[in-house]
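Undergrad: Got a sequence here, can you model it:
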Amino acid sequence: MDMSAHDIGVQGQGRSERRLPFTVPLSVQSLGFVVGAVDFLVILAAALGSALLYHGLVLRTGIQVDRYTAIAGISFVNFAVIMGARSAYGAGRLLEGRRNWREVGLVWAVVVLVTLGLLFAGKVGGNVSRGAVGLFFATGLGALLAWRSALARWTAAALARGALARRSVALLASRTELAHVDAYATLERAGMAAVATLTWDEKTPAEHFENLLERAVEIARQNEMDSVVVLADWAAPQRIAGMQQALRAVPLPVYLLPDRNVARFMLGAAATRGLEACVLQRAPLGPGERAAKRAFDVALAVAGLLVLSPLLLFVAVAVKLDSPGAVLFRQTRNGFSGRPFRILKFRTMTVSEDGAAFRQAKRNDPRVTRVGRFLRKTSVDELPQLWNVLAGDMSIVGPRPHATHHNAEYQERIGAYAYRHHVKPGLTGWAQVNGYRGETSTLGAMEKRIEHDLYYVNHWSFLLDLKIVARTLQVIWSDEQAV
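TA: Below is the predicted model of the structure:
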């Protein structure tokens, strides 16, 4: 097979690197939080030091520490918020050193204006020395510039020696481009390490290239990669588009490095998480967003199980008395990143089909039991999935998971189908509250559902989740009134 796949420890082939005997348990990404803390200490030291110096040498009086600490706090909050909004705590920006001076200067100028405005609005300007405040703004700028320059040198040296933990990436590279572009050095500067490298060349047959992409997806899923990085000839857009399409199957950011021709003209491209590259696929949710969504899921699932426990018990008894068989129906579905899990539902049919034998329920389906018809109409049969939410397999809101047989079928027929697996499946979703729930008897109906699922993935927000939950309750109430 005309391709190669190195799954372990590919780090700049043929290049010897000096490594420290230890690794700081801190990634370049999380280093931003430490830098923010040091920024605060630098600003606080500049504020108190300037006040002590001016009051001691010029005014010959003591200082009110709380007032100057408050000024430092206000200044830091404004500085951190603006710098964070400009992604200045990202890996690439931390490495810029003097190139970052201009941005620090501009942001600090805004901080000065905002802080002075707040002091004036709060009518506390008369309680602090204008000379001390002015000295603080001057020394604060100098201290931040000096600290940021030292940080850039330290971060670059630490990365070169392997002293910082690096984000794991899978590298897909053309051998021709890899011979001219040092992709490993580019990743190293961004705090990344290619722990898996898959390569091809222009003579690689199409079927072998497809196998390579399948292997890349498998590696990315099994090794919990942070991202996928592609190095390819930009003059072959069809190949790049094919990789972009295949990599939609994994919920990871995908970056395209400049090829040998484009790299010559790049004097400093906008960095993406510290990497100078184009974004072929963005990460669906950031760490903070995932944490907020998970907290919302757990809180709602626990509350739902507690409040609905009498109803769940009553339904379990009704299902058992209505027809022979288990109370709960378990079926394999595909979840986040396409990983299989066992979904729970109250049994509503006389059969318990799974896999290729599964047939979707249709209107007036004779397999549906009397109790099951009511449960499906009101969606009460889905309530056991609150346990799936607690287990982490599902979310309260997300694309509804389909049976594995349907999943494989529609993934072949609808190009963007795999992209819906970039978030956890949900009890309810944007498609369901917009009328696309239940049976999907035609390809067009499924395409409309997928269209709404992709809208949710691309436009997720906490407010959107709340809106979907509220509309779900409204739909359920309307259905109950119609029963």
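Undergrad: Just the strands from the stretch 301-450 of the chain, written as ranges.
TA: Here the stretch 301-450 of the chain has its strands, by DSSP state E, counting those that start in this stretch, at 328-334, 340-346, 395-397, 426-428.
Undergrad: Ok, which of those strands comes nearest Ala37?
TA: Among these, strand 395-397 comes nearest to Ala37, with 32.0 Å by C-beta to C-beta. Every residue, glycine included, has its C-beta placed from N, CA and C.
Undergrad: residues making contact with that closest one?
TA: Contacts with strand 395-397, where a contact means C-beta atoms under 8 Å, 6 or more residues apart in numbering, come from 293-294, 296-297, 300-301, 389, 423-430, 456, 464-465, 468-469.
Undergrad: Can you list the strands that it pairs with?
TA: strand 426-428 (parallel) (DSSP bridges).
Undergrad: How far off centre is the longest helix seen in the chain?
TA: What stands out as the longest helix in the chain, according to DSSP state H, is helix 287-322. Relative to the centre of its chain, helix 287-322 is centred 25 Å away, using C-alpha atoms, centre = their mean, to the nearest Å.
Undergrad: and what of stretch 442-460?
TA: 20 Å.
Undergrad: As a check, name the ranges of all strands in the stretch 51-200 of the chain.
TA: So, for the stretch 51-200 of the chain - with DSSP E, counting those that start in this stretch - the strands run 164-165, 167-174, 192-200.
Undergrad: Sketch out the low-pLDDT regions of the stretch 351-483 of the chain for me.
TA: Within the stretch 351-483 of the chain, the stretches falling below the threshold (pLDDT under 70) are 351-365, 406-407, 411-413, 415-416, 438-441, 479-483.
Undergrad: so where do the helices sit in it?
TA: 370-378, 385-391, 404-413, 443-458, 462-482 (DSSP state H, counting those that start in this stretch).
Undergrad: Reformat those helices as JSON lines; add distance to Arg239 and mean neighbour count.
TA: Output for these, formatted as JSON lines (distance: least, C-beta to C-beta, whole Å; neighbours: other C-beta atoms under 10 Å):
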{"stretch": "helix 370-378", "distance to Arg239": "46", "mean neighbour count": "18"}
{"stretch": "helix 385-391", "distance to Arg239": "39", "mean neighbour count": "20"}
{"stretch": "helix 404-413", "distance to Arg239": "21", "mean neighbour count": "16"}
{"stretch": "helix 443-458", "distance to Arg239": "24", "mean neighbour count": "17"}
{"stretch": "helix 462-482", "distance to Arg239": "35", "mean neighbour count": "14"}
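Undergrad: To Leu31, which of the ones you listed lies closest?
TA: helix 462-482 (27.0 Å).
Undergrad: quick one on the thing from earlier: what residues of the longest helix of the chain count as buried?
TA: Within helix 287-322, the residues that qualify as buried are 293, 296-297, 300-301, 304-305, 312, 315, 318-319, 322, counting by 16 or more other C-beta atoms under 10 Å.
Undergrad: before we move on, what about stretch 143-155?
TA: Applying 16+ other C-beta under 10 Å to stretch 143-155 flags 143-145, 147-149, 151-152, 155 as buried.
Undergrad: that older thread, out of the helices of the stretch 351-483 of the chain, nearest to Arg333?
TA: helix 404-413 (6.7 Å).
Undergrad: Which pLDDT value does the model give Ala165?
TA: pLDDT recorded at Ala165 is 63.
Undergrad: quick one, helices of the stretch 101-250 of the chain?
TA: Using DSSP H, counting those that start in this stretch, helices in the stretch 101-250 of the chain cover 101-121, 130-160, 175-180, 183-189, 206-222, 237-246.
Undergrad: wait, which of these is closest to Ile74?
TA: Short answer: helix 101-121, nearest of the helices of the stretch 101-250 of the chain by C-beta to C-beta, at 5.4 Å.
Undergrad: okay, that closest one in PDB with CA atoms only?
TA: Output in PDB follows, covering the C-alpha atoms of helix 101-121 (Å, rounded to 0.1, in the frame of the first residue of the first chain):
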ATOM      1  CA  TRP A 101       4.300  45.300  22.600                       C
ATOM      2  CA  ARG A 102       2.100  47.400  20.300                       C
ATOM      3  CA  GLU A 103      -1.100  45.500  21.300                       C
ATOM      4  CA  VAL A 104      -0.200  45.700  25.000                       C
ATOM      5  CA  GLY A 105       0.400  49.400  24.700                       C
ATOM      6  CA  LEU A 106      -3.000  50.000  22.900                       C
ATOM      7  CA  VAL A 107      -4.900  47.900  25.400                       C
ATOM      8  CA  TRP A 108      -3.200  49.600  28.300                       C
ATOM      9  CA  ALA A 109      -4.200  53.000  26.900                       C
ATOM     10  CA  VAL A 110      -7.800  51.900  26.800                       C
ATOM     11  CA  VAL A 111      -7.400  50.600  30.400                       C
ATOM     12  CA  VAL A 112      -6.100  54.000  31.500                       C
ATOM     13  CA  LEU A 113      -9.100  55.800  30.000                       C
ATOM     14  CA  VAL A 114     -11.700  53.400  31.400                       C
ATOM     15  CA  THR A 115     -10.100  53.400  34.900                       C
ATOM     16  CA  LEU A 116      -9.900  57.200  35.000                       C
ATOM     17  CA  GLY A 117     -13.500  57.400  33.900                       C
ATOM     18  CA  LEU A 118     -14.600  55.000  36.600                       C
ATOM     19  CA  LEU A 119     -12.600  57.000  39.200                       C
ATOM     20  CA  PHE A 120     -14.300  60.200  38.000                       C
ATOM     21  CA  ALA A 121     -17.800  58.600  37.900                       C
END
